[in-house]
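Q: I need the structure of the sequence given here:
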Amino acid sequence: MDAGDATGQPCVLRRAPRPQTIPGGRQHIVKDRIMEIVHAVDRLEVLMDVLREQCPWDREQTLQSLRTYTLEEVYEVLEAIDMQDWRALKVELGDLLLQIVFYARIAKEQGRFTLHDVAEAIVDKMIRRHPHVFEQGQGGNDLSRQWEELKQAEHAERVSLMDGIPPLPALKYAQKMQQRAARVGFDWVQASDVLGKMHEELAELEAEVRAERASPERMEDEFGDVLFTLVNLGRKLGLDAELALMRTNRKFGERFRGMEELAGPSLADLPLDEQEALYRRAKAELRRKENAQ
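A: Numbering: from 1, shown residues only. Below you'll find the predicted structure:
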């Protein structure tokens, strides 16, 4: 995805000219003015000013309308990291940076804050949360606990440990809740303890599935309990459930594409056992390629 695609729409300075917004002849002047700016981040900020003023699509965007694009960009960054694709990572980080600049521009228009304010705020926060680095004799050995205590002190208005958790995807949200509960000792001692709970929850789900009059609501409850326990198990193993599932999704997609290539147009006509055999073959071929790298 190029910089013009970060918002999902053509960019007036990178794609076809828009005579109705920037008269012909002025387009090159505007572009040259941007490219003459020495620092790339300053150049990006001026670029956003121009897009916001001259591009009809960019001009109509709001904080709310940009949320979907921001989420997409975050996942594309994660995918580039998982693929260990440095070139793609550079591009996707740029797309994500553009989102930040976009939000800051909207905030500036409303007199709230600027991109400079955003940078100042994170610098101040990181210095405040690293007393062991920036203050002589400060900080202890448990840096994770120190971080959480300093973070909590910044949000004295929160009544419950469950307050202030952002609207993350469900698996990540569950992990965040469990981490918060663990701060006060409400946690499993070790991963093997969670395994016993997982088998208990699976048995309850199985009983609900096998019931003569299975209740969709009860099945959803039990299924959710299984997922919540699996997130807990992953946390105790040092794993992130959201990232683990993303990785598995990617593996399945690659294997299924390989299966489709092996079967050709007849895949839908094959019996399940032959489809399974092709899936195993595709899986083995992908593994050979990985080992050969």
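Q: using PDB, list the CA coordinates for the worst-scoring helix or strand of the chain on mean pLDDT.
A: Lowest on mean pLDDT, DSSP states H and E among the helices and strands of the chain sits helix 143-153, with a mean of 77. Coordinates of each C-alpha in helix 143-153 appear next as PDB, following Å, rounded to 0.1, in the frame of the first residue of the first chain:
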ATOM      1  CA  LEU A 143      10.300  -2.500  36.400                       C
ATOM      2  CA  SER A 144       7.000  -4.000  35.300                       C
ATOM      3  CA  ARG A 145       5.400  -3.200  38.700                       C
ATOM      4  CA  GLN A 146       7.000   0.200  38.800                       C
ATOM      5  CA  TRP A 147       5.500   0.900  35.300                       C
ATOM      6  CA  GLU A 148       2.000  -0.100  36.300                       C
ATOM      7  CA  GLU A 149       2.200   1.900  39.600                       C
ATOM      8  CA  LEU A 150       3.300   5.000  37.800                       C
ATOM      9  CA  LYS A 151       0.600   4.500  35.100                       C
ATOM     10  CA  GLN A 152      -2.100   4.000  37.800                       C
ATOM     11  CA  ALA A 153      -1.000   7.200  39.500                       C
END
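Q: check which helices and strands the helix or strand following it sits against.
A: Toward the C-terminus, helix 143-153 is succeeded by helix 170-182 as the next helix or strand (DSSP states H and E). Here helix 170-182 touches helix 216-236, helix 241-263, going by 3 or more C-beta pairs under 8 Å, 6 or more residues apart in numbering; DSSP states H and E. For glycine as for every other residue, the C-beta is placed from the backbone atoms N, C-alpha and C.
Q: deepest in the core, which of those is it.
A: helix 216-236 (a mean of 17; mean count of other C-beta atoms under 10 Å).
Q: residues near residue 48, how many?
A: Residue 48 sits with 20 neighbouring residues when counted by other C-beta atoms under 10 Å.
Q: residue 237 - how many residues pack around it?
A: 11.
Q: how is this structure carved up into domains?
A: As given by automatic domain parsing, the domain ranges for the chain are 3-125, 170-239, 243-292.
Q: gap between the shortest one and the chain center?
A: Spelled out, that is domain 243-292. The chain centroid and the centroid of domain 243-292 are separated by 26 Å under C-alpha atoms, centre = their mean, to the nearest Å.
Q: do me a favour and get the end-to-end distance for that domain?
A: 25 Å (C-alpha to C-alpha, to the nearest Å).
Q: run through who's touching the host helix or strand of residue 101.
A: Residue 101 is part of helix 86-109, with elements assigned from DSSP H and E. With C-beta atoms under 8 Å, 6 or more residues apart in numbering as the contact definition, helix 86-109 has outside contacts at 1-3, 5-7, 44-45, 48-49, 52, 58, 61-63, 66, 69-70, 73-74, 76-77, 79-81, 113-115, 117-118.
Q: helix or strand for the closest residue in space to residue 50 that isn't next to it in sequence, which one?
A: The shortest distance from residue 50 to any non-neighbouring residue, by C-beta to C-beta, 6 or more residues apart in numbering, is to residue 30 (6.0 Å). Applying DSSP H and E as the criterion places residue 30 in helix 26-35.
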